[in-house]
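Novice: Here's my sequence, what's the structure:
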Amino acid sequence: MVDLDYIANRVSEETGYDIRTKSRERDSYAYSRFIYYKLCNDFKNKLGLSGMKIGKHINYDNACFIYGVRKFDEISDQKYFELQNNIYLKLKEELKEKLSGNKYYITERLLMLKKNLSELDLERQRKLVNSFNKKVMRVAKHYESV
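Specialist: Numbers count the residues shown, from 1 in each chain. Below is the predicted model:
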């Protein structure tokens, strides 16, 4: 089930930093929290969440939530934030899959992948395509059995 614990744990796993830790280190804890805040903001209506609940869940407040979302949007297109942005995009897609259960989601994912592939080096493109093909096969098997 997708809830705040699930999102917080996945962000911590992907970034390697516990987002509940009180630290202002930008390249680690703060950017990890920005990813958490942005993901929660993207899905707050589906999950029935408020900024206060999202912030409180990791021992911060609503103002930190609002600041984190705004700061993520400001820096997400900057080169030094590329790794964090990729983690955000990966987790966003994972959450969309878990929350939607929609087989037409594949088309949306293919379009996004095609757009992003042109910006990556050849080796990274191969890895992403192989990973995506495995996911498509898993989803196809799931819908064949339904």
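Novice: so residue 19 touches residue 12, yeah?
Specialist: Yes: counting by Cβ atoms under 8 Å, residue 19 touches residue 12, with 5.5 Å between them. In this view, the C-beta of every residue, glycine as well, is placed from N, C-alpha and C.
Novice: buried ones in the strand or helix carrying residue 125?
Specialist: Element membership of residue 125, judged by DSSP states H and E, is helix 122-145. Using 16 or more other Cβ atoms under 10 Å as the test for burial, helix 122-145 gives residue 132.
Novice: Begin at 8, not 1, for the rest of this chat.
Specialist: Shifting the count to begin at 8 puts that one at helix 129-152.
Novice: Now do it: which elements does it pack against?
Specialist: Where contact means 3 or more Cβ pairs under 8 Å, 6 or more residues apart in numbering; DSSP states H and E, helix 129-152 is packed against helix 112-124.
Novice: Domain map for this protein?
Specialist: 8-104, 108-153 (automatic domain parsing).
Novice: most tightly surrounded among those domains?
Specialist: Burial of these is given as mean neighbour count (mean count of other Cβ atoms under 10 Å); domain 8-104 ranks first at a mean of 17.
Novice: can I get the CA coordinates of the helix or strand hosting residue 49 in PDB?
Specialist: Per DSSP H and E, residue 49 falls inside helix 38-54. Provided in PDB are the C-alpha atoms of helix 38-54 (Å, rounded to 0.1, in the frame of the first residue of the first chain):
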ATOM      1  CA  TYR A  38      17.700  17.400  -1.400                       C
ATOM      2  CA  SER A  39      16.300  14.000  -0.300                       C
ATOM      3  CA  ARG A  40      13.600  15.800   1.700                       C
ATOM      4  CA  PHE A  41      12.900  17.900  -1.400                       C
ATOM      5  CA  ILE A  42      12.300  14.700  -3.400                       C
ATOM      6  CA  TYR A  43      10.000  13.400  -0.700                       C
ATOM      7  CA  TYR A  44       8.000  16.700  -0.500                       C
ATOM      8  CA  LYS A  45       7.600  16.900  -4.300                       C
ATOM      9  CA  LEU A  46       6.400  13.300  -4.600                       C
ATOM     10  CA  CYS A  47       4.000  13.800  -1.800                       C
ATOM     11  CA  ASN A  48       2.700  17.000  -3.400                       C
ATOM     12  CA  ASP A  49       2.200  15.200  -6.700                       C
ATOM     13  CA  PHE A  50       0.100  12.500  -5.100                       C
ATOM     14  CA  LYS A  51      -1.500  14.300  -2.100                       C
ATOM     15  CA  ASN A  52      -4.900  14.500  -3.700                       C
ATOM     16  CA  LYS A  53      -4.900  10.800  -4.500                       C
ATOM     17  CA  LEU A  54      -3.700   9.900  -1.000                       C
END
